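> Provided below for reference: sequence and predicted model.
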Amino acid sequence: MRISLNGDPHEVEAPLTVAELLARLDIDARRVAVEHNLVVLKRDAFDRTPLREGDQIEIVNFVGGG
Amino acid sequence: MDLLTIADKSFSSRLIVGTGKYSSPAVMVQAHDASGAEMITVAVRRVNISDRSKESLLDYIDTSKYFLLPNTAGCYTAEEAMRTARLGREAGLSNWVKLEVIGDEKTLFPDNEQLVDATRALVREGFVVLPYTTDDPVVCRKLEDAGAAAIMPLGAPIGSGLGIQNVNNLRIIREFARVPLIVDAGVGTASDAALAMELGADAVLMNTAIAGAQDPVAMAEAMKLAVRAGRLAFMAGRIPRKLYANASSPVEGLVGR
């Protein structure tokens, strides 16, 4: 299925949870925040949030700033 | 002990520093240490999906030592800023946010109308909101009324290093502010930070002045001392300015008179 990942189209195999997506991308879940269709997910919800066709996912982390 | 208290947290340092623009993470770590700061700002950005090789900023920040203040830098609408604030809360360890809603690309001046709206909405969501604003006393009062935990007027445009441009506005804001007054942005060198504190600011927030200095670690220490010196001078109460001289030595008992 196709999702939008940080603004770009991204092809993933269904079924897939947010936690599985992060693992597949080699992203440490403790270091990021995830927005799923404009709703920010709690970290403990990552493994019980399934992705669906067309979902919009934003994965962010902290970078240097003032 | 002269503590800076914002919302439910107290800090012994009145200098807040950023994490941007450093030449290397090692220099940043040393500069943070030299600054004595206890609160540091970070930005919230999309993870680079295609290149996972880069280290995380958090690899270099001891979060048991520093309190992280996520910002909403680069957001141009209240909605963007609120999304970013919610993501920052989840990525970090607190419900604090340095709220920026930018209104102009060239000056990075805030869009104060949207800033006030976003402040009110985020406070309702339980955030501790520290809004970056212009040095406009009316806007600062509106931000206070909207529930801001501190008000953060600029001294000059972000990264400009111009120093405090409107001393009198800051004095007016100081007179009425009931929440901490933090001068955020515009500091270029130590005397700018000292001046902000002498005017009665409760704290100073800066990034470029330290990160962009030729020797960021030395400048960080200079800023630590300047903030402390300015604070002590404010607390001590300066003498009034007079146009003419007033002799320091006795005018009587002069030899030969």
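Cool, got the structure. Numbering: from 1, shown residues only, chains lettered A, B, ... in the order given.
> Would stretch B:193-207 count as contacting chain A?
Yes. Stretch B:193-207 is in contact with chain A by C-beta under 8 Å from any C-beta of the partner chain, via B:205-207. C-beta coordinates here come from the backbone N, C-alpha and C atoms, glycine included.
> in its sheet, what does the host helix or strand of B:Val129 sit against?
Using DSSP states H and E, B:Val129 sits within strand B:128-133. Using DSSP bridges, the strands paired with strand B:128-133 are strand B:96-99 (parallel), strand B:152-153 (parallel).
> export those to CSV and tack on mean neighbour count and mean pLDDT?
Converted to CSV, those look like this (neighbours: other C-beta atoms under 10 Å in any protein chain shown; pLDDT from 0 to 100):
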stretch, mean neighbour count, mean pLDDT
strand B:96-99, 28, 98
strand B:152-153, 28, 98
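> Now distance to B:Lys224 too, for those strands, in JSON lines please.
JSON lines is the format used below for the strands paired with strand B:128-133 (distance: least, C-beta to C-beta, whole Å):
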{"stretch": "strand B:96-99", "distance to B:Lys224": "20"}
{"stretch": "strand B:152-153", "distance to B:Lys224": "19"}
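> Which one, of those, ends up nearest to B:Lys106?
Among the strands paired with strand B:128-133, the nearest to B:Lys106 by C-beta to C-beta is strand B:152-153 (19.3 Å).
> Check what contacts the closest one and list those residues.
Strand B:152-153 has contacts (C-beta atoms under 8 Å, 6 or more residues apart in numbering or on different chains) with B:98, B:130-136, B:140, B:169-170, B:173, B:181-184, B:205.
> 10 Å instead?
Strand B:152-153 is contacted by residues B:16, B:98-100, B:110, B:130-137, B:139-140, B:143, B:164, B:166, B:169-170, B:173, B:177, B:180-186, B:196, B:201, B:203-205 when judged by C-beta atoms under 10 Å, 6 or more residues apart in numbering or on different chains.
> Show me the beta-bridge partners of the spatially most central residue of chain B.
Among the residues of chain B, the one closest to the centroid is B:Leu205, at 2.0 Å (C-alpha atoms, centre = their mean). Per DSSP bridges, the residues bridged to B:Leu205 are B:Ile16, B:Asp184.
> Confirm for me that it is in contact with B:Lys98.
Yes. Here B:Leu205 reaches B:Lys98: they are 7.8 Å apart, a contact under C-beta atoms under 10 Å.
> The top strand by length along chain B pairs with which strands?
Under DSSP state E, the strand in chain B containing the largest number of residues is strand B:39-46. Paired strands of strand B:39-46, with direction, are strand A:56-64 (antiparallel), strand B:15-17 (parallel), strand B:67-70 (parallel) (DSSP bridges).
> in the helix or strand harbouring B:Gln114, what counts as buried?
In the assignment (DSSP H and E), B:Gln114 maps to helix B:112-124. By neighbour count on 16 or more other C-beta atoms under 10 Å in any protein chain shown, the buried set for helix B:112-124 is B:112, B:114-123.
> which one of those sits closest to A:Arg31?
Nearest to A:Arg31 out of these is B:Leu122 (C-beta to C-beta; 23.3 Å).
> Beta-bridge partners for the residue nearest to that closest one when sequence neighbours are not counted, please?
Using C-beta to C-beta, 6 or more residues apart in numbering or on different chains and skipping the chain neighbours, the partner closest in space to B:Leu122 is B:Val129 (5.0 Å). Note on B:Val129: beta-bridge partners by DSSP bridges are B:Val97.
> mean confidence score for the helix or strand where A:Leu21 lies?
A:Leu21 belongs to helix A:18-24 when assigned by DSSP H and E. The average pLDDT within helix A:18-24 is 96.
> distance of B:Ala78 from chain A?
As judged by C-beta to the nearest C-beta, to the nearest Å, B:Ala78 and chain A stand 15 Å apart.
> Please apply the same query to B:Ser24.
Here the criterion is C-beta to the nearest C-beta. By it, B:Ser24 lies 11 Å from chain A.
> Now do the contacts for that residue.
Contacts of B:Ser24 by C-beta under 10 Å, 6+ apart are B:30, B:60, B:216.
> Kindly check the end-to-end length of stretch B:29-47 for me.
End-to-end distance for stretch B:29-47, by C-alpha to C-alpha, to the nearest Å: 22 Å.
> Ok, stretch B:182-189 next?
Stretch B:182-189 has its terminal residues 17 Å apart, counting by C-alpha to C-alpha.
> What of stretch B:160-174?
Taking C-alpha to C-alpha as the measure, stretch B:160-174 stretches 23 Å from start to finish.
> which residues touch the closest residue to B:Ala196 other than its chain neighbours?
In this structure, B:Ala196 finds its nearest non-sequential neighbour in B:Val183, 4.0 Å apart by C-beta to C-beta, 6+ apart. By C-beta under 10 Å, 6+ apart, the residues touching B:Val183 are B:135, B:151-156, B:164, B:170, B:173, B:192-193, B:195-197, B:199, B:201-206.
> Going by neighbour count, which of the contacts of B:Ser24 comes out on top?
Neighbour counts for those (other C-beta atoms under 10 Å in any protein chain shown) peak at B:Pro216, which has 23 neighbours.
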